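K.L.:
pasted the sequence and its predicted model underneath.
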Amino acid sequence: MSEQRVALVTGGSRGIGRAISLELARSGYAVLINFNTNLDEAERTRSAVESEGGQAEVCQADVSAPSHRDLLVNFTMETYGRIDLLVNNAGIGPPARTDILDTDIDDYHQVLATNLTGPYFLTQRVAKAMIHLLETQRLPSPAIVNVSSIRAYTAAWNYGEYCISKAGLSMVTKLFARRLAEYGIKVYEIRPGVIETDMTAKPETRAYYNQLIGHGMAPIDRWGTPEDVARAVGMIARGDLPFSTGEVINVDGGWHLRSL
Ligand code: NAP
């Protein structure tokens, strides 16, 4: 088995996932960059990794599809022969913000399949691969990271399916953290606040947050960057939380703090 550690980053091609892929490559990981539809963005990320001397491969797979999840793990194992870190980062919002009195059932299922069912079963699949590897080899700090959102605990009545998916993902973190501790596999949730990516790029979304940010929305009152999130993943990837699992790491400028 190669000495180099290997990370699988879902949605590693754009936005937060791209920053995570770069951070992990800088931390010495070979990175499997997953994407769903946009090969050009995935190739851009691979080039960025390689231009810094890192190693990366790209793999198309829709995390909401069971057969694609199998393909993704098989491709990672066939390419690199090991997997040390899974980052469940891929995520989508509903096509439109809709009052929960009018949620479209197909949108609901699509968001849940991508943001919750996908990470759940990908974690299950990767955990089994890690356990199998650990029977014969040493992985220095095997870990699984779920990228959730402040919406895991914030009730946005026009973004209901997304909130539910991220609340569910919080429990996925706790469940697998408890189950996998005996193997030394740590599981963490990273909970970003408002981050400047394509997901928040629609003019009306940007205008909405621009109205709030800089006017006291959070104690650290600025847009978050993909790199802010990536640095938290880097900390986990380096094994810097050896006595913690099931932990939530807020990357939200302190938005979660209540004050009176
Ligand atoms: P983004 O810029 O829209 O990028 C989404 C990434 O996910 C892309 O790489 C996309 O690949 C991939 N993806 C989407 N659906 C997929 C699927 N079914 N299978 C595989 N890959 C898929 O989003 P982002 O802002 O970076 O968000 C990344 C994560 O952070 C998400 O889980 C999101 O919920 C979470 N988050 C974001 C914010 C924020 O303010 N931006 C805040 C809190 C949490 P393609 O381009 O190929 O489709």
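P.N.:
Right, received. Where do you want to start?

K.L.:
alongside the ligand, which residues does this protein contribute?
P.N.:
For the chain, the contact set with the ligand under Cβ under 6 Å from any ligand atom comprises 10-11, 13-17, 34-38, 41, 62-64, 89-92, 114, 147, 149, 192, 194-195, 197-200. Yep, even glycine has a C-beta here, placed from its N, CA and C like the rest.

K.L.:
so how do I select the buried members of these in ChimeraX?
P.N.:
A single ChimeraX command selects the buried members of the residues of the chain next to the ligand (16 or more other Cβ atoms under 10 Å):
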select :10,11,13,14,15,16,17,34,35,36,41,62,63,64,89,90,91,92,114,147,149,192,194,195,197,199,200
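
K.L.:
among the residues of the chain next to the ligand, which ones are in strands?
P.N.:
The strands, defined by DSSP state E, take in 34-35, 147, 192 from those.

K.L.:
and the residues you listed, which two are furthest apart?
P.N.:
Using Cβ to Cβ, the two most remote members of these are F35 and P192, lying 19.4 Å apart.

K.L.:
tell me where the stretch 1-150 of the chain has helices.
P.N.:
In the stretch 1-150 of the chain, the helices defined using DSSP state H, counting those that start in this stretch lie at 15-26, 39-51, 66-80, 105-112, 118-134.

K.L.:
redo these as a markdown table? Include mean pLDDT.
P.N.:
Listed next are the helices of the stretch 1-150 of the chain as a markdown table, based on pLDDT from 0 to 100:
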| stretch | mean pLDDT |
| --- | --- |
| helix 15-26 | 98 |
| helix 39-51 | 98 |
| helix 66-80 | 98 |
| helix 105-112 | 98 |
| helix 118-134 | 98 |
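
K.L.:
need the winner for burial among those.
P.N.:
Mean neighbours per residue, mean count of other Cβ atoms under 10 Å, is largest over the helices of the stretch 1-150 of the chain for helix 15-26, with a mean of 26.

K.L.:
for T200, give me its contacts.
P.N.:
194, 206, 209 (Cβ atoms under 8 Å, 6 or more residues apart in numbering).

K.L.:
could the residues you listed go into CSV alongside pLDDT?
P.N.:
Below are those laid out as CSV (pLDDT from 0 to 100):
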residue, pLDDT
V194, 98
R206, 97
Y209, 96
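
K.L.:
relative to the ligand, which of the residues you listed is nearest.
P.N.:
Within the contacts of T200, the smallest distance to the ligand is 4.9 Å, found for V194 (Cβ to the nearest ligand atom).

K.L.:
once you drop chain neighbours, what's closest to that closest one?
P.N.:
Once flanking residues are discounted, V194 sits nearest to Y209: 5.3 Å by Cβ to Cβ, 6 or more residues apart in numbering.

K.L.:
got the phi/psi numbers for the most centrally placed residue in the chain?
P.N.:
Centroid-nearest residue in the chain: N89, 2.0 Å away (criterion: Cα atoms, centre = their mean). Dihedral pair for N89: phi -110, psi -30, per degrees, to the nearest 10.
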